[in-house]
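> take a look and give me a structure for this.
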Amino acid sequence: MKTRDLRQESGQLSGFIVSNLLLSRYRVPRIVASIPGARVVRKQRRFARARDDFCEFVVGGKTFLAIEPFGDNDCYWIVAEPPEDSPQLAEVRAAFERHRVLFGAFAG
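Numbers count the residues shown, from 1 in each chain. Model (predicted):
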């Protein structure tokens, strides 16, 4: 899966962007769970009222949020909280970049 940098106005890397064309809100926690030592703190429940920040997780003591900006977008933002570059951010990004969706398989 391809990712793009997400930077603050200062230019500091704070996360990355992934397309949600073949990636659902329910698949994101599954990808996170593939990271050794990752812990999902909060994820969206089916049929629950949708929030922009739909998943919170911790990797190596660093908190991250998965956000669908404006609640209806063509991408998700995966950001560190507070926003900053870190080795854990690189680890999370690598997990998303390794993720493959098989054609014909449901992405949910």
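> tell me the mean pLDDT for the regular element (helix or strand) spanning residue 41?
Element membership of residue 41, judged by DSSP states H and E, is strand 39-43. Mean per-residue pLDDT for strand 39-43: 94.
> what residues of the top helix by length along the chain count as buried?
In the chain, taking DSSP state H as the definition, the longest helix is helix 87-98. Neighbour counts over helix 87-98 (16 or more other Cβ atoms under 10 Å) mark 88-89, 91-93, 95-96 as buried. Just so you know, the C-beta spots here come from the backbone N, C-alpha and C atoms, and that holds for glycine as well.
> and stretch 70-90, by the same measure?
75-80, 83, 86, 88-89.
> tell me which of those fall in helices.
Reading helices off those with DSSP H, I get 88-89.
> now, which of the buried residues of stretch 70-90 sits nearest residue 62?
Minimum distance to residue 62 across those is 4.1 Å, recorded for residue 88 (Cβ to Cβ).
> hmm, residue 78 and the closest one touching each other?
No - counting by Cβ atoms under 8 Å, residue 88 does not reach residue 78; the two are 11.3 Å apart.
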